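In: Sharing a sequence plus its predicted fold:
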Amino acid sequence: MEKYIEFDNVSFSYIDEYDTDADNETVIENLSLTINKGDFVCVLGHNGCGKSTFAKLCNAIEVPQSGKVYVDSIDTSDESRLYDIRRKVGMVFQNPDNQIVATVVEDDVAFGPENLGVEPSEIRRRVDEALKQVEMYDFRHSEPHRLSGGQKQRVAIAGIIAMKPECIVLDEPTAMLDPRGRREVMNTVKKLNEEFGITVIFITHYMDEAVRADRVVVMDDGRVVLDGTPRQVFMQIDKLKSIGLDVPEATELTAMLIESGIDLRTDILDMNELVNEITRLTEAEN
Amino acid sequence: MISDITIGQYYKAESFIHKLDARAKIILTVLFIALIFLCKNFISLALTLVMVILSVLLSSVPVKMYIKSLKPIIPIVLFTAVLNMFYTGGENVVFSFKGITLTSEGIFTAIFLAARIVLLIIASSILTYTTVPTMLTDAIEKLLSPLKLFKVPVQSWAMMMTLALRFIPTLIEEIEKITNAQKSRGADFESGRLLQRIKAVIPIIIPLFVSSFRRASDLAYAMSCRCYTGADTRTRMKQMKMRIRDFVCIIIFITSIAGVILLNNLFGAVI
C-alpha cells in the first residue's frame, strides 16, 4: 500500500493572537496516522474531539505546531507548495451554502479549474464530466439556492473533482442534510472512491455512514482511540460508548441478543447481515 | 415582501437579446440611458419609446415582469412628477388658482421626468432579466480591464460582485428564518410607531450580521481550498465573443442617438 497522507507525531492548538497569556487548549495531541492511497477512511468522534482540525491539517489550512504532515511526500508547512497540496487534496465542508461561489451550478464547478488556469475547452470538459459523476448534469444551468441540501453538497463535490484531486476530505458533509441527502452524498463519495480510485477521508458522526468505509478511525480528545476496519472498531461497543459514541443499531441489537444467550457472530454491522445470521441460526436448529 | 426583489434576477429564455454578448448589452444599456436623456420633444421621445418597446418584445420576458420591477418606484415617479408640475416656472399659464399656478412647461417637465424614470428602469431591467449575473460581472470585469494598467484590482471587484449576487437569496432566506424565530419568541414587527418599528428590526440585523461574518469566513476557507488566489492567471470557462449581431445592435443604437438629436433640432425642444 502506498502512503498518501502521513501525520507524524502532530500536535496542534489554536492560538489566540490577541491574548498571549490564554491557555491554548491542545486540539490535536501527538497524532501519528497514515492514510493509504485509494483508501476510504471514516473519521468518527463527538463534537470537539479534533476531527475538523484533523481535516484542516490535511490540506494545509492549518499547519501543526509540532510534528509534520506530509501529503504525497510534500510537507504541508512548505508554503511554496501550498497550492500543489490544495490541488491534490480537495475539501468539502459542512454547510453547502457557504462553499458555493457562483449563481449557476456549472459556473461553480468551473471555479476550481479556472483558478488553476486550465484551458477553457478543458474546463468545459471537466465540468461536464464532474457533474455527470455526481449525477447533477441535468441541473447544470440551475441556480444553487433552488437545489436541495443533498444536491448542493453534490455540486460542491463536483466542484472539487473538477480540479482532479487525488484525495477528497469531507468535513461532516452530511451533518446538515436530511436522510435522503445523506444517502445521495454517501453513494456519490463511495462511487468516486471505487470507480476513480480517489482517496477519501470522510468525517462524520453517523455510524451507518462509517460502516461503509474501508477503515474507521475514532478520535477523542485529539487522539486516535480506535483504528481498524468497521467490523473491528464497532465490536468495541463498550469503548465507543465510554467516549460518548453510538454503535450501529444492528451491532447493538446483536450484542444484546448475544448477552441474552443467543449464539450469533459478534461482528455484525447492518440489519441485513443480522437477519441473514438469524435465518442461518434458525435453519441450523431445524 | 422580501421575495419581491427582482433586481439581479435572471429570466430564463432563449431570445435574441439573451444571446447578445454581455459586454454589448452593457454598452447598449449605457447608450439607452443616453438616448432617454437626450429626448427633448415628443417626437424624439416617441422614437425612444419605440426602441424600448421593441427591445422589450425582443427579450421574450413577459411584460408583467417589467411591470413588477416598476411597481416599487411608482410612488417616487408620481411624487416627483407632481412636484415638478407645480414648481416649474414658466410663461404659459394653463391654470391658476389661489396662488397655485400650472404652466405648460411644468406639465411637459413632469411628463418627461416620469417617462425618463420609467424608461430607465425598463432599460436596465432588460439587461438584468436577459443576462446571467455571472456573465454580467464577467462583462464588467472585461470592460473595466483597461484599469488594470493603473493597478486597479478589477478581477477582485468582479469576484466581490459575483459573491454579493450569489448571497442575496441566501441572506433573504436567512432574514426570513431569523424573523420567524424572533416572532415565535414574541417579537412584534408590525405595530407601534416608526421608531419602535425601527428598533424592532435590531434583533434581526444583529444575528444576520453575526452569521454573515461566519459565512464569510467559511467561504474564504472554501475558496482558498479551491486554489483561489486572486491572481490574473485565472482562466474562464465561458469565453465571451462579440459577434456581428452585437456590433449591428450598437450601430443601430448610435444611429438612434443621432436620430434623436436630429429630431430635437428639427422640431424644437419642449423642455
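Out: Sure, I can see it.
In: From now on I want contacts and neighbour counts done on CA atoms only, so please keep to that.
Out: OK.
In: Which positions in the stretch 151-271 of chain B make contact with chain A?
Out: B:162-163, B:165-166, B:169-170, B:215-216, B:218-219, B:221-223, B:225-229, B:233-239 (CA under 8 Å from any CA of the partner chain).
In: Is chain B within reach of stretch A:111-126?
Out: Yes: residues of stretch A:111-126 contacting chain B under CA under 8 Å from any CA: A:111-112, A:114-121, A:123-124.
In: most surrounded residue in these?
Out: Highest neighbour count within the residues of stretch A:111-126 next to chain B: A:Gly112, with 29 neighbours (other CA atoms under 10 Å in any protein chain shown).
In: Are there helices or strands packed against whichever strand or helix holds that residue, and which ones?
Out: Element membership of A:Gly112 [criterion: DSSP states H and E] is helix A:105-115. Contact here means 3 or more CA pairs under 8 Å, 6 or more residues apart in numbering or on different chains; DSSP states H and E; on that basis helix A:105-115 packs against helix A:120-133, helix A:149-161.
In: okay if I get those as a markdown table plus distance to A:Ile28 and mean pLDDT?
Out: Formatted as a markdown table, the helices and strands packed on helix A:105-115 follow (distance: least, CA to CA, whole Å; pLDDT from 0 to 100):
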| stretch | distance to A:Ile28 | mean pLDDT |
| --- | --- | --- |
| helix A:120-133 | 34 | 94 |
| helix A:149-161 | 26 | 94 |
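In: winner for burial among the ones you listed?
Out: Ranked by mean neighbour count under mean count of other CA atoms under 10 Å in any protein chain shown, the helices and strands packed on helix A:105-115 are led by helix A:149-161, which reaches a mean of 27.
In: Tell me the helices and strands packed up against the following helix or strand past that one.
Out: Downstream of helix A:149-161, the first helix or strand assigned by DSSP H and E is strand A:167-171. Counting contacts by 3+ CA pairs under 8 Å, 6+ apart, strand A:167-171 packs against helix A:51-58, strand A:89-92, strand A:199-204.
In: Please pick out the residue of chain B most distant from its centre.
Out: Ranking residues of chain B by C-alpha distance from their mean position (CA atoms, centre = their mean) puts B:Lys98 at the top, at 40.8 Å.
In: Could I get the phi/psi values of that residue?
Out: Per-residue torsions, B:Lys98: phi 50, psi 50 (degrees, to the nearest 10).
In: next one: the one 4 residues further on
Out: The phi and psi torsions at B:Leu102 (degrees, to the nearest 10) take the values phi -120, psi 120.
In: still on that earlier bit, pull the residues that contact the helix holding A:Gly112.
Out: Here helix A:105-115 makes contact (CA atoms under 8 Å, 6 or more residues apart in numbering or on different chains) with A:100-102, A:120, A:123-124, A:127, A:130-131, A:139-144, A:155-156, A:158-160, A:162-163, B:226-229, B:233-237.
In: can you list the residues of chain A near chain B?
Out: A:59, A:61, A:83, A:86-87, A:90-93, A:97-104, A:107, A:110-112, A:114-121, A:123-124, A:145, A:160, A:163.
In: Walking through the chain, point out its strands one by one.
Out: Picking chain A for this. Using DSSP state E, the strands found in chain A span residues A:3-13, A:26-36, A:40-44, A:66-71, A:74-75, A:89-92, A:167-171, A:199-204, A:215-220, A:223-228.
In: hm, I was asking about chain B
Out: Ranges of strands in chain B, per DSSP E, are B:93-97, B:100-103.
In: for these, which one sits closest to chain A?
Out: With CA to the nearest CA as the measure, strand B:100-103 is the member of these nearest chain A (50.3 Å).
In: For that closest one, list every residue counted as buried.
Out: B:101-103 (16 or more other CA atoms under 10 Å in any protein chain shown).
In: Would you mind writing the CA trace of whichever helix in chain A runs longest as PDB?
Out: Secondary structure of chain A per DSSP state H: the longest helix is helix A:179-196. What follows is helix A:179-196, C-alpha atoms only, in PDB (Å, rounded to 0.1, in the frame of the first residue of the first chain):
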ATOM      1  CA  PRO A 179     -31.600  11.200   5.400                       C
ATOM      2  CA  ARG A 180     -32.200  11.200   1.700                       C
ATOM      3  CA  GLY A 181     -29.500  13.800   1.100                       C
ATOM      4  CA  ARG A 182     -27.100  11.900   3.300                       C
ATOM      5  CA  ARG A 183     -27.600   8.800   1.200                       C
ATOM      6  CA  GLU A 184     -27.100  10.700  -2.000                       C
ATOM      7  CA  VAL A 185     -23.800  12.200  -0.800                       C
ATOM      8  CA  MET A 186     -22.500   8.900   0.700                       C
ATOM      9  CA  ASN A 187     -23.300   7.000  -2.600                       C
ATOM     10  CA  THR A 188     -21.600   9.600  -4.600                       C
ATOM     11  CA  VAL A 189     -18.400   9.600  -2.500                       C
ATOM     12  CA  LYS A 190     -18.400   5.800  -2.400                       C
ATOM     13  CA  LYS A 191     -18.600   5.700  -6.200                       C
ATOM     14  CA  LEU A 192     -15.800   8.200  -6.600                       C
ATOM     15  CA  ASN A 193     -13.600   6.100  -4.400                       C
ATOM     16  CA  GLU A 194     -14.400   2.800  -6.000                       C
ATOM     17  CA  GLU A 195     -14.600   3.800  -9.700                       C
ATOM     18  CA  PHE A 196     -12.000   6.500  -9.800                       C
END
